[in-house]
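Student: compute the structure for the input listed below.
(2 chains)
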Amino acid sequence: MSDPKRLPKQYYFDDGIIDVMLNAMTNITAELSITRERLDTIEHLLETDGSVSRESIDAFTPGPETEKARMQARLALIQAALDPFRTYFAEHAKKAD
Amino acid sequence: MTETKLAFEPNANERARQGFVGALKGYTNMIVQSELEAQIDQDIIGTQPDKTLTRPDIEDDCKNLPLYAFWSNLTYHSQDMLFDSVAETVARTKPQQEKIAKALQSSDTVRGSLELDPDLNVSPPISLVEIHRQPGGYVTKHDETDLSAARVYSGTIEIYRNAKAMGDGSLAGSDAIGQFTAATVKSYFPDFLPDRILDLGCGTGEQTVAFKRAFPSAEVHGLDAAGPLVRYAHAWSENEQLELHFRQANAQSTGYESESFDLIVSHILFHETSRQIMPKIFKEALRLLKPGGVFLNLDVPYQPAVTPLPRQVTNNWQVINNGEPFWTGFSESNLPKLLAKAGFETEKIFHNYEPFGDGKYLVFGAQK
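Tutor: Sure thing, here's the model as predicted:
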């Protein structure tokens, strides 16, 4: 049996470069979010253990409070990066009426 | 890191990436989609107050909204990111996890059973499209021990559900949906104690195990067309130290004896099933049930009668763009009528919405 068919990549704006740039912006925001969480882990470990290693960073599991704060920080970062686009596109439709 | 158990265990960076994807999907589903649906309501539906509109009447106008393109872009890209982020964990832990699965399935203490059919002619859409756009779908395997398709599904499904207000905050491997279905069975049929239970389209088996926990004395079976998934399901039930029996077969042609099950359930199976196959599965369920037996299914609650028009548009986007080929077809099917046509008695058919987490599910079926 052959594998299921891969659908072609979809673009949603008339000029597909806007899709590409939005994807790039989203990817960069993801990388920043991951880096910030790693930095937060390092700060936690330095506060509690006084030292860090790659192993201790990878093994760190955030407690409920830290995880809750991280969830809020992720959303805040996403909103900082993407809300200007959302606002522009929402208002652009109104201006076009 | 657990060395002897099957588990989805992202490291710190992978967890951060998966957490980001969950937040991005939440932002897209809750904030952007809400604003888009409000705009469709006001600027497209609201400007035609004299017309009785249906989804096809407004779909093209919606596509002209810049916010629609923005929401589409984020929904599409976040789905790619979801699979990429989970696949990273699955690939890193593949040797260790497949070694554990092999040990669980070849152990002298193996509890349940597994029947594979490598020559099975898998029905569409499973065989034709990448459901949910999961790369390779659910049937692709790289070798006989490859569990990646199942493990990617397991790693992604709760992130997806929770970001769509269809979950309860559970993590990968949770049986919360199965527990919910089992509790619904007990609530609808308080004195019902099934001896043999079948979970149709059991996938990874993570929900099937809930029935062994809810009805410990019952013999519990799971069936799925996808070999990699049903193989994982067996390993997972052994991992959970429960005796369950799994079979690779199509749900419309299971191969079990007539009147051999007291309870047949399914979880989000029928919205992945074509309109041609769905009635055949209903007939097969009727054949398999003992008199008085129960057929109870949980699925997406997107029927037009309970779904505002803008949401019907965004739901239908998933059909065209996101590997949900039969989502709209299922939602627009008259399920009680199809169940009756399959032979279930009209007065014994049920079709309800039941709350779960922040959302609700459709519960439908019949007693034989």
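
Student: per-residue pLDDT, residue 42?
Tutor: Using chain A. Looking at A:Ile42, its pLDDT reads 96.

Student: hm, I was asking about chain B
Tutor: 94.

Student: okay, and the helix or strand of chain B with the least pLDDT?
Tutor: One helix or strand of chain B scores below all others by mean pLDDT, DSSP states H and E: helix B:327-331, with a mean of 83.

Student: contacts for the next helix-or-strand element following that helix, please.
Tutor: Sequence-wise, the next helix or strand downstream of helix B:327-331 (DSSP states H and E) is helix B:335-342. The set of residues external to helix B:335-342 that reach it, using C-beta atoms under 8 Å, 6 or more residues apart in numbering or on different chains, is B:278-279, B:282-283, B:285-286, B:346, B:349, B:351, B:364-366. All C-beta spots, glycine's among them, are computed from the backbone N, C-alpha and C.

Student: tell me how far the least confident helix or strand of chain B is from the chain's mean position?
Tutor: Here helix B:327-331 is found 14 Å from its chain centre; the criterion is C-alpha atoms, centre = their mean, to the nearest Å.

Student: quick one: contacts for the residue positioned nearest the centre of chain A?
Tutor: Per C-alpha atoms, centre = their mean, the C-alpha nearest to the average position across chain A is that of A:Ala30, at 2.9 Å. A:Ala30 makes contacts with B:17, B:20-21, B:24, B:81, as judged by C-beta under 8 Å, 6+ apart.

Student: quick one: secondary structure of it?
Tutor: Put simply, A:Ala30 is helix when judged by DSSP: H, G, I helix; E, B strand; the rest coil.

Student: circling back: keep the contacts of A:Ala30, but drop any that are not near chain A.
Tutor: By C-beta under 8 Å from any C-beta of the partner chain, the members of those lying near chain A are B:17, B:20-21, B:24, B:81.

Student: quick one on the thing from earlier: quick check: the farthest pair among the contacts of A:Ala30?
Tutor: B:Arg17 and B:Leu24 (10.5 Å; C-beta to C-beta).

Student: show me where the chain has helices.
Tutor: Here I'm looking at chain A. With DSSP state H, the ranges of helices along chain A come out as A:16-48, A:54-59, A:64-96.

Student: wrong one, I was asking about chain B
Tutor: Ranges of helices within chain B are B:12-26, B:33-39, B:55-63, B:66-92, B:94-106, B:148-163, B:176-188, B:209-214, B:227-239, B:278-288, B:309-321, B:327-331, B:335-342, based on DSSP H.

Student: need those in JSON lines with mean neighbour count, can you?
Tutor: Converted to JSON lines, the helices of chain B look like this (neighbours: other C-beta atoms under 10 Å in any protein chain shown):
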{"stretch": "helix B:12-26", "mean neighbour count": "23"}
{"stretch": "helix B:33-39", "mean neighbour count": "19"}
{"stretch": "helix B:55-63", "mean neighbour count": "15"}
{"stretch": "helix B:66-92", "mean neighbour count": "21"}
{"stretch": "helix B:94-106", "mean neighbour count": "16"}
{"stretch": "helix B:148-163", "mean neighbour count": "23"}
{"stretch": "helix B:176-188", "mean neighbour count": "19"}
{"stretch": "helix B:209-214", "mean neighbour count": "22"}
{"stretch": "helix B:227-239", "mean neighbour count": "26"}
{"stretch": "helix B:278-288", "mean neighbour count": "21"}
{"stretch": "helix B:309-321", "mean neighbour count": "19"}
{"stretch": "helix B:327-331", "mean neighbour count": "21"}
{"stretch": "helix B:335-342", "mean neighbour count": "18"}
